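Asker: Give me the fold of what follows.
(2 chains)
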Amino acid sequence: MPNIAVSIEGVHKSYGTTVQALSGLSLAMFEGEILGLIGPNGAGKTTTIKILVGLLEADSGTVKVLGTDISKDHVTYKEHLGYMPEAPQLPDYLTCSEFLGYIGRIRGLPKEGLEARVHELLRGFDLTGKTNETIATLSKGMRAKLAYAAATIHNPKLLILDEPMIGIDPAGQHQLKERIAEVSKAGGSVLVSTHQLDTAERLCTKVAIIHHGRNVATGTLESLRQQVHAGAQQTLEEIFLKLTEEAQQPEIEMPRRRGFFSRRG
Amino acid sequence: MSALLRYKLLFFFGPSLRGKWAPAPLIALELLFALYGFGIGAGIHAAIKTGSNLFGINILGTAFASGMSFAFIWALGPGVTAHASELDFVLTSPVRPREYLISDMLFQFGSITITGGLAGMLAIAGLVYGLPNALLLMGELLLLAAAFILFILMVIQIIVVLKIRYEKLPVRSLVVVLLVLSLLPAASLVSPDFPLNFSGLPLPQTGFAEIANDLLKGTALSANSLAYAFGWLAAIALSWYAVSDDYIFHGIRPTLSAGFGQVDLSQRMLRQRRLTGALGGLTTRVRLRTDTGTELGFMTRFHLIRVWRDGSILFVLLLIVLFTAPNFIASSSSSSAGGSVSSLQILTLPIAILALNWSYYERDNLWTVVTAGRSVKSYFKGLMLSMATLFIVVSGTLVAMLEYVTTGSLSVQDIIVPIISPLFASATAVALLTRVKILPGAFSPAMLLVLLVTVAVGFGGGFLVLALVSASGLAPAGMLAETVAAAVVIVYLAEAMVGKLAEGFKL
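Answerer: So this is what the prediction gives:
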């Protein structure tokens, strides 16, 4: 049985007093898996990811990444983590090679060999022609490739990607999917949040459906089909809609105790 | 037309008049610049009082030419203000181009008056201070300034119309040539042997400068200067009338994306990206070596490269020219540069502005460091050292230039403030950045906090060290050693403080 890469138990997170982003989310992901985090807008996918990478703190619950309770050690686990945010902010003034070199330095990669690693990544993502051009001159797709290269420069054990396919052309998406699969084949784990259900269906070994800040269902496509009693022909989209619709059913209202001032009737 | 003007004014000034703290931050900022306005006026006054007639015309001509150069630069860009909704709803309605241009001209005139009026008035007060009939003189100079602003606004609109209507004509190149030519005679201020000076040239700025000079010196207005100034004004007004009803709406671009004091981050990011991309060919010649140096050295170089590449340095240089020009002008007719050197502590203001710039554009890039499992200590320490290095180099250069343009020589005490103030200001600005998140709203208290505290601590720190070193009563060599020791101690303590504060940084 492989080790657990990510374990989330009963996590709550709210923004202010009105927005409840996560309401007791629990989730487990094993090493070597590609887990797709899917859910409608506002379901809590990005909040979950930001908690995992340390950009947000959970209000309560336990989060373990690669065996480390991240509320106890906020920093060390990140050495093995790669992260690509949704619409990544990049320093436009740096050239592509300088940016990857900068990330390499921040990641503590040895200075010798850094240049070779940078060029290897640039070559791998067809960015060699842009080596000495500033990021400001890159197209949206090229920026996404560069951000992915930065997230993987240190060969992380766990790669977390937030909507990585947005704005990338089909060829670029294909290239990125191949890269993600390679990480998994090499024993790494990938957690990827996406709206594109066909991508999740083809790329991920497992999916977790998040709705209203809770994990509605986790499993392989087959196990989810069984869970909703769906036929073999049903797509992830249909399963997703069924599960999120079920989760949306209004709860039966429990009879409330009448308050002293409550109106009768 | 009045509805359009009201809409523009409400859009632009509305945000700074609403909100919990409004309009206090707007007033505070106006007062800050107003004081500086008085300083400029007083500096020019001192220079004119002691200098010759020719010198006075050249100084005032340079001031008017600076105004024109800003107008040319603005005209090379959009030139006309337009909110995106104006393009959708106003420019598609039956509004005459002339009506639109008049409302825009009144809006620009009103905006200049509201935002810079107090500073301008105090600059003129500084100019006339101590002269007979100062109040009357002030009124006359204000009218002259208003006429000049009207003149340059019409010039801007003429250029905009020509740019849009005659796309194939080299209008932009012509404006660049005019921009250079209009400023060229100002070189005579630094080098008196320069063959061109404003006096006698049939330029609009000469006309306005000669009238202002005559008014300040109490001499009769010359027919020539009146003819230059008002001849140009009339000619430009006629030209404006001739072209102002040409259809230009297809060439108007949305420029007014945020109110006064507000930052529209998405628009500004796009502009910044375009600027960085355009400058890339030039600025990437200085490379960031990532495979060498210590972590702190690397981060310091990274930030220096950042301000070099993202255009901040251009902005800072422009501010420095603006802030220091009066000092240079005043010093060029003086035998002592001491006072002018001390006033270089105004350079703490660009440090605060660089800090704000970091907060708007660079803060979000910090996800790369925060998610990498590395401390942000080196990042912030590097930011502080880069700011301090940049401004010590700038101060040093300016001190050397002042030493060159004046006949007297500088003492050790004269250079203490320009060296020490940037250290205090950089440490303060970066310490605040680790704790204060500045939202791109209109004049937030956090923004003013960074602006005012950085400047105040920079000022105070510089003068404190000056007082301590002066009190020691040592020989110049001893004072120099004390200053260097103080700088080392300040950097050491500032690094420790910034490092400690950075530990608690939250993105």
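
Asker: So what pairs up with A:Arg214 in the strands?
Answerer: A:His211 (DSSP bridges).

Asker: residues contacting the residue in the stretch 101-250 of chain A positioned nearest to chain B?
Answerer: Nearest residue of the stretch 101-250 of chain A to chain B, counting by Cβ to the nearest Cβ: A:Gly101, 2.7 Å away. The way it works is simple: take the backbone N, C-alpha and C, and place the C-beta from them, glycine included. Contacts for A:Gly101 (Cβ atoms under 8 Å, 6 or more residues apart in numbering or on different chains) come out as A:114-115, A:118, B:288, B:290-291.

Asker: looking at this, it is in a helix?
Answerer: Yes. Read with DSSP: H, G, I helix; E, B strand; the rest coil, A:Gly101 is one of the residues of a helix.

Asker: in the stretch 101-250 of chain A, which spans are strands?
Answerer: A:158-162, A:189-193, A:206-211, A:214-219 (DSSP state E, counting those that start in this stretch).

Asker: Could you tell me which residues of chain A lie near chain B?
Answerer: A:53-55, A:75-79, A:81, A:83, A:85, A:88-95, A:98, A:101-108, A:111-112, A:114-115, A:118, A:132-134, A:136-137, A:150 (Cβ under 8 Å from any Cβ of the partner chain).

Asker: So among those, which ones count as buried?
Answerer: A:53-55, A:77-78, A:81, A:83, A:85, A:88-95, A:98, A:101-107, A:114-115, A:118, A:133-134, A:136-137, A:150 (16 or more other Cβ atoms under 10 Å in any protein chain shown).

Asker: At which residues are the helices of the stretch 201-350 of chain B located?
Answerer: Using DSSP state H, counting those that start in this stretch, the helices of the stretch 201-350 of chain B run over B:204-217, B:223-243, B:265-283, B:295-309, B:312-332, B:338-342, B:348-357.

Asker: Let's test this: mean pLDDT of the helix or strand containing B:Ala123, rounded?
Answerer: For B:Ala123, the element it lies in under DSSP states H and E is helix B:97-128. Here helix B:97-128 scores 89 as its mean pLDDT.

Asker: and the angle from the helix or strand just after it to helix B:97-128?
Answerer: Remark: after helix B:97-128, the chain's next helix or strand is helix B:134-165, criterion DSSP H and E. Orientation check (axes from the mean of the first three to the mean of the last three Cα atoms, to 10 degrees): helix B:134-165 against helix B:97-128 gives 150 degrees.

Asker: Hey, what's the angle from helix B:134-165 to helix B:223-243? Just curious.
Answerer: 40 degrees.

Asker: Would you mark the buried spots in helix B:134-165?
Answerer: For helix B:134-165, by 16+ other Cβ under 10 Å, it's B:137-138, B:140-141, B:144-145, B:148-164.

Asker: what do you get for stretch A:30-50?
Answerer: Within stretch A:30-50, judged by 16+ other Cβ under 10 Å, the buried ones are A:30-39, A:43-50.

Asker: start to end distance for that stretch?
Answerer: The straight-line separation of the ends of stretch A:30-50 (Cα to Cα, to the nearest Å) is 19 Å.

Asker: Quick check: residues of chain B near chain A?
Answerer: B:272-274, B:276-277, B:280, B:283-284, B:287-288, B:290-292, B:295, B:298, B:302, B:305-306, B:308-310, B:362, B:364-365, B:367-375, B:507.

Asker: Would you mind giving me the PyMOL syntax to select the buried ones in the residues you listed?
Answerer: For the buried members of the residues of chain B next to chain A, the matching PyMOL selection, counting by 16+ other Cβ under 10 Å, is:
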select buried, chain B and resi 272+273+276+277+280+283+284+288+290+291+295+298+302+305+306+308+309+310+362+364+365+367+368+369+370+371+372+373+374+375
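
Asker: which residue does the stretch 351-500 of chain B bring closest to chain A?
Answerer: B:Gly373 (2.8 Å).

Asker: what's the helix or strand for that residue?
Answerer: Per DSSP H and E, there is no helix or strand for B:Gly373.

Asker: can you check B:Ala388 too?
Answerer: helix B:377-405.

Asker: Name the residues of that helix that are buried.
Answerer: B:377-392, B:394-395, B:398-399, B:401-403, B:405.

Asker: quick one: the helices in the stretch 101-250 of chain A?
Answerer: A:114-124, A:140-152, A:170-185, A:197-203, A:221-227, A:236-248.

Asker: Pipe the ones you listed into JSON lines and attach distance to B:Val455 and mean pLDDT per row.
Answerer: As requested, the helices of the stretch 101-250 of chain A are arranged in JSON lines below (distance: least, Cβ to Cβ, whole Å; pLDDT from 0 to 100):
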{"stretch": "helix A:114-124", "distance to B:Val455": "40", "mean pLDDT": "94"}
{"stretch": "helix A:140-152", "distance to B:Val455": "37", "mean pLDDT": "92"}
{"stretch": "helix A:170-185", "distance to B:Val455": "48", "mean pLDDT": "89"}
{"stretch": "helix A:197-203", "distance to B:Val455": "52", "mean pLDDT": "83"}
{"stretch": "helix A:221-227", "distance to B:Val455": "61", "mean pLDDT": "81"}
{"stretch": "helix A:236-248", "distance to B:Val455": "55", "mean pLDDT": "75"}
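
Asker: Need the winner for burial among these.
Answerer: Stretch with highest mean neighbour count among the helices of the stretch 101-250 of chain A: helix A:140-152 (a mean of 22; mean count of other Cβ atoms under 10 Å in any protein chain shown).

Asker: how far is it from where the chain is centred?
Answerer: Distance, stretch centre to chain centre, for helix A:140-152: 15 Å (Cα atoms, centre = their mean, to the nearest Å).

Asker: List the contacts of it.
Answerer: A:82-85, A:88, A:90, A:96, A:99-100, A:103, A:121-122, A:124-127, A:130, A:135, A:138, A:159, A:161, A:164, A:166-169, A:172, A:175-176, A:179, A:183, B:368.

Asker: pretty sure A:Ser71 belongs to a strand, no?
Answerer: No. Under three-state DSSP, A:Ser71 falls outside any strand and is assigned coil.

Asker: How confident was the prediction at it?
Answerer: pLDDT at A:Ser71 comes out at 89.

Asker: what do you get for the one 4 residues further on?
Answerer: pLDDT for A:Val75: 83.

Asker: That one and B:Gly373 touch, don't they?
Answerer: Yes. If you go by Cβ atoms under 8 Å, A:Val75 and B:Gly373 touch, sitting 5.0 Å apart.

Asker: so where's chain B uncertain?
Answerer: B:1, B:18-22, B:25, B:190-191, B:258-259, B:261-269, B:323, B:325-345, B:405-408, B:440-443 (pLDDT under 70).

Asker: For the residue most central in space within it, which residues are in contact?
Answerer: By Cα atoms, centre = their mean, chain B has its centre lying nearest to B:Leu319, at 3.6 Å. Neighbouring residues of B:Leu319 by Cβ under 8 Å, 6+ apart: B:349-350, B:353.

Asker: cutoff 6 Å now
Answerer: B:Pro350 (Cβ atoms under 6 Å, 6 or more residues apart in numbering or on different chains).
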